[in-house]
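1. Provide a 3D model corresponding to the input given below.
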Amino acid sequence: YKENKVDIALIGDSFTEGACVKPFDSISAVLRQHDFNAISLGKGGNGSLLELAALKEYAEPLKAKIVLWLYYENDLITLESEMNSPILRRYLIEKDYSQNLIFRQEEIDDVLINYIQNELEKEEKEREKERIGLTDNAAIKIMKLYNLRMRINLLPKPKNEPTPTTTPTLIFRDILHKSNKMVSDWNGKMYFIYLPSFYRYSIGDKRPNRDLVMQTVTELKIPIIDIQRELFDTHPDPLSLFPFRMRGHYTVEGYKLVAEVIRKRLEADGYKPINSSK
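-> Predicted structure coming up:
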């Protein structure tokens, strides 16, 4: 990436990572098919504070020309738990805090290997308990056909996510402000991408935080690419963009169409890939 220069860095969670499709069907992969040198820094479970950290640790050293901040509708909820991490809070509170992770991959690998080994040991202990005898909880799940009902989407619909308090909302604003300034300081440009959820199209559940989030981004003067409005609301069958018309990540077609909306906007704004021959 350093040698070829980065056109686009994608920041986000599992939707940005490309969960549930093959690597060549993710949003970043589709953008690469259009000659953009795109790198995805998305990871399942990320919230806005982890995304700020990813921006600082990896996008800033690479000086990506474009940063796509992909926002999914549970990001404000995730932010509440992330604020409990003293390390993550430092990315927001301190001006230039960094762990220089991009230069410490061997250390990171060692930590991950140790973590995985510990988790495997824990899993083996749990399996041993199951060999001795089913726990009450496991027996109840079997009687209720829990796993089967989960696979065919017959579990009760979760209650609406709680509306975050003012504090996470203000923190979210500070995170976006700091991120946008960081990108501007290296002469890049940040776009805010709004990704809608399944429930909006299955039961008409309007996310309570959408208007607040969009207002915040607008006030910060960050360009918005509204995937809900530009793709899903105009699609003849938006539920077809979810697997088997069920709750989950987007389908291959869904990811592809999201990437196409982004590509067209970048081209309309006059941006061409660095290494494009066109």
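2. does Gly44 belong to a helix, a strand or coil?
-> coil (DSSP: H, G, I helix; E, B strand; the rest coil).
3. in stretch 54-63, what counts as buried?
-> Of all the residues in stretch 54-63, those buried under the rule 16 or more other CB atoms under 10 Å are Ala54, Leu55, Lys56, Glu57, Tyr58, Ala59, Glu60, Pro61, Leu62. Backbone N, C-alpha and C define where each C-beta goes, glycine included.
4. what's next to that stretch, contact-wise?
-> Stretch 54-63 is contacted by residues 1-2, 5-6, 9, 11, 39, 41, 43, 46, 67, 91, 97-102, 179, 182-183, 186-188 when judged by CB atoms under 8 Å, 6 or more residues apart in numbering.
5. among those, the buried ones, what's the ChimeraX command?
-> Only the buried entries of these go into this ChimeraX selection, using 16+ other CB under 10 Å:
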select :6,9,11,39,41,43,46,67,91,102,179,182,183,188
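6. out of the contacts of stretch 54-63, which sit inside strands?
-> Ala9, Ile11, Ile39, Val67 (DSSP state E).
7. from Lys56, how far off is the second one?
-> Meaning Ile11. Counting by CB to CB, to the nearest Å, the separation of Ile11 from Lys56 is 11 Å.
8. what does Phe198 give?
-> Look at Phe198 and Lys56: by CB to CB, they are 31 Å apart.
9. and Lys264, helix, strand or coil?
-> Per three-state DSSP, Lys264 ends up helix.
10. check the burial of it by counting its neighbours.
-> Lys264: 12 surrounding residues under other CB atoms under 10 Å.
11. so what sits opposite Leu68 in the bridge?
-> On DSSP bridges, the residues paired with Leu68 through beta bridges are Leu10, Tyr191.
12. what's the burial count for it?
-> Other residues near Leu68 come to 27 when the count uses other CB under 10 Å.
13. and Pro86, by the same measure?
-> Pro86 has 8 nearby residues by other CB under 10 Å.
14. tell me the mean pLDDT for the longest helix along the chain?
-> In the chain, with assignment by DSSP state H, the single longest helix is helix 105-132. Helix 105-132 shows a mean pLDDT of 91 in the predicted model.
15. now that we're looking at Ile39, what pLDDT does it have?
-> 96.
16. ok, so what distance separates the closest residue in space to Tyr97 that isn't next to it in sequence from Trp186?
-> Nearest non-adjacent residue to Tyr97, counting by CB to CB, 6 or more residues apart in numbering: Arg90, 4.5 Å away. Distance from Arg90 to Trp186, counting by CB to CB: 21 Å.
17. show me where pLDDT drops low in the stretch 1-150 of the chain?
-> 133-150 (pLDDT under 70).
18. if we go to 80?
-> Low-confidence segments of the stretch 1-150 of the chain, defined by pLDDT under 80: 1-4, 129-150.
19. distance check, Lys189 against Lys125.
-> As judged by CB to CB, Lys189 and Lys125 stand 50 Å apart.
20. same check on Asn180?
-> 46 Å.
21. more neighbours, those two?
-> Taking neighbours as other CB under 10 Å, Asn180 and Lys125 compare with Asn180 leading, 22 against 9.
22. which residues of the stretch 151-278 of the chain fall in strands?
-> Using DSSP state E, counting those that start in this stretch, the strands of the stretch 151-278 of the chain run over 189-195, 224-226.
23. now the first one: how far from the chain's centre is it?
-> Its chain's average C-alpha position is 12 Å from that of strand 189-195, according to CA atoms, centre = their mean, to the nearest Å.
24. what residues of stretch 9-25 count as buried?
-> Ala9, Leu10, Ile11, Gly12, Asp13, Phe15, Thr16, Glu17, Gly18, Ala19, Val21, Asp25.
25. wait, the third one touches Ile66, no?
-> No: when contacts are counted by CB atoms under 8 Å, Ile11 is not listed as touching Ile66 (11.0 Å).
26. ok, Leu49 touching Arg90?
-> No: applying CB under 8 Å as the test, Leu49 and Arg90 come out as separate, 10.1 Å apart.
27. neighbour-wise, which of these two wins?
-> Counting neighbours by other CB under 10 Å for Leu49 and for Arg90 shows that Leu49 has the greater number, 26 against 13.
28. tell me the SS of the more buried one?
-> Leu49 ends up helix, using three-state DSSP.
29. swap in Asp35?
-> Asp35 - assigned by three-state DSSP - is coil.
30. thanks a lot, catch you later.
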